[in-house]
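Visitor: Give me the fold of what follows.
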Amino acid sequence: MHTLLKSNRQIFLEGVHDGTPIALGYFVVSFTLGIAARNAGLDPLQGFLASFFNNASAGEYAGFTVITADAPYLEIVLITLVANARYMLMSCVVSQKFRPGTSIWHRIFVGFDITDEIFGITIARHGSLNPYYNYGAMALALPGWSLGTALGVVAGNILPGSVVSALSVALYGMFLWVIIPPARTNRVVAGLVLLSFALSLAASLAPVLSSCSSGTRTIILTVVIAALGAILFPIDDQTGPIEDEEEGGDGHAA
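Guide: Below you'll find the model as predicted:
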């Protein structure tokens, strides 16, 4: 009941508070992404817009990779869609937290910037979702991601080639940071990660697949490995939806 008495402005400021560390992290990570954007031939404004409208590191990096390879538009669209498919599932989960009757426009605007981190802080809140909380988090996270990419492009244009090459490697380090923690605690994830390495190498050497572009191979392998994981190792969902009556009531640490 306490959250229902708060104004939209108070809820918005809570989102700003929780979104501040996310924005700082985004700025650092997207700076290295800007190096990839620069290598793909994008200028700072194009890098800014790419990150503003596609706030997802894996999806953007995949897109920049195929742009660098001069891939056709259809391949760019497909690889970005496949890399970002999980956000559709996250949006479905978040939509269940809205109060009945919430405007479709609020749902669209909140869904515009569903990222791993914003999804996490949104789901962690008890009770129904007020969209102004997400707007507060987005108000800092989205500019932080976009500005970091733009500055990464600028840095890539003025720094020596050896430094640019070193910064490009930092992005791979980010992806390792994403996959290693869950792989250490989940054997299925670890096995699928190793399988993806092996199949990626095999695809680059196979007679038919090796003739395809790297983007096409990535699309095929992503769909195949994800399907195998879902079919062979389905998640047994024994936990129901978060109950508002759970002990602790309003347990959000504002």
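
Visitor: Show me the helices in this structure, by range?
Guide: 8-39, 44-53, 57-68, 73-83, 86-95, 104-112, 116-123, 131-158, 161-185, 187-205, 214-232 (DSSP state H).

Visitor: got the buried residues for the fourth one?
Guide: Meaning helix 73-83. 75-76, 78-80, 82-83 (16 or more other CB atoms under 10 Å). Using the backbone N, CA and C atoms, a C-beta is placed for each residue, glycine as well.

Visitor: now the helices of the chain in TSV, with mean pLDDT?
Guide: Listed next are the helices of the chain as TSV, based on pLDDT from 0 to 100:
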stretch	mean pLDDT
helix 8-39	89
helix 44-53	94
helix 57-68	84
helix 73-83	84
helix 86-95	84
helix 104-112	92
helix 116-123	86
helix 131-158	92
helix 161-185	68
helix 187-205	87
helix 214-232	78
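
Visitor: Output the buried residues of helix 73-83 in JSON lines; the columns should cover distance to I67.
Guide: Shown next, in JSON lines, are these (distance: CB to CB, whole Å):
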{"residue": "E75", "distance to I67": "10"}
{"residue": "I76", "distance to I67": "6"}
{"residue": "L78", "distance to I67": "13"}
{"residue": "I79", "distance to I67": "10"}
{"residue": "T80", "distance to I67": "10"}
{"residue": "V82", "distance to I67": "16"}
{"residue": "A83", "distance to I67": "13"}
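
Visitor: Return the set of buried residues in stretch 115-130.
Guide: For stretch 115-130, by 16+ other CB under 10 Å, it's 115, 117-119, 121-122, 125-127, 129-130.

Visitor: what would the residues you listed look like in TSV with distance to Q96?
Guide: Below are the buried residues of stretch 115-130 laid out as TSV (distance: CB to CB, whole Å):
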residue	distance to Q96
T115	18
E117	19
I118	16
F119	12
I121	16
T122	11
R125	13
H126	14
G127	13
L129	9
N130	15
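
Visitor: right, and out of the residues you listed, which lies closest to L140?
Guide: I118 (10.5 Å; CB to CB).

Visitor: From the centre of this protein, give me the residue that's furthest out.
Guide: P207 (33.1 Å; CA atoms, centre = their mean).

Visitor: can you give me phi and psi for that residue?
Guide: In terms of degrees, to the nearest 10, the main-chain angles of P207 are phi -50, psi -50.

Visitor: List the contacts of it.
Guide: For P207, the contact set (CB atoms under 8 Å, 6 or more residues apart in numbering) is empty.

Visitor: Need the pLDDT of it.
Guide: P207 carries a pLDDT value of 84.

Visitor: and what of the one 3 residues further on?
Guide: Reading off the per-residue confidence, S210 sits at a pLDDT of 79.

Visitor: how much space is there between it and D43?
Guide: 33 Å (CB to CB, to the nearest Å).

Visitor: which one is the residue nearest to the spatial centre of the chain nearest to, not counting chain neighbours?
Guide: Taking CA atoms, centre = their mean as the criterion, A56 is the residue nearest the geometric centre of the chain, at 3.6 Å. Nearest non-adjacent residue to A56, counting by CB to CB, 6 or more residues apart in numbering: N84, 5.2 Å away.

Visitor: Wait, the one you found touches N55, no?
Guide: No. Applying CB atoms under 8 Å, one finds N84 not in contact with N55, separated by 9.6 Å.

Visitor: When those two are compared, which one has more neighbours?
Guide: Neighbours were counted for N84 and for N55 using other CB atoms under 10 Å; N55 has more, 25 against 18.

Visitor: so how far is P160 from that one?
Guide: N55 is 30 Å from P160, by CB to CB.

Visitor: distance of the residue nearest to A56 from L147?
Guide: Using CB to CB, N84 is found at 21 Å from L147.

Visitor: try G47
Guide: G47 sits 10 Å away from L147, going by CB to CB.

Visitor: Neighbour count for those two, which is higher?
Guide: For G47 versus L147, neighbours defined as other CB under 10 Å are more numerous around G47 (30 against 21).

Visitor: In contact with the more buried one: list those residues for me.
Guide: 34, 37-38, 149-150, 152-153.
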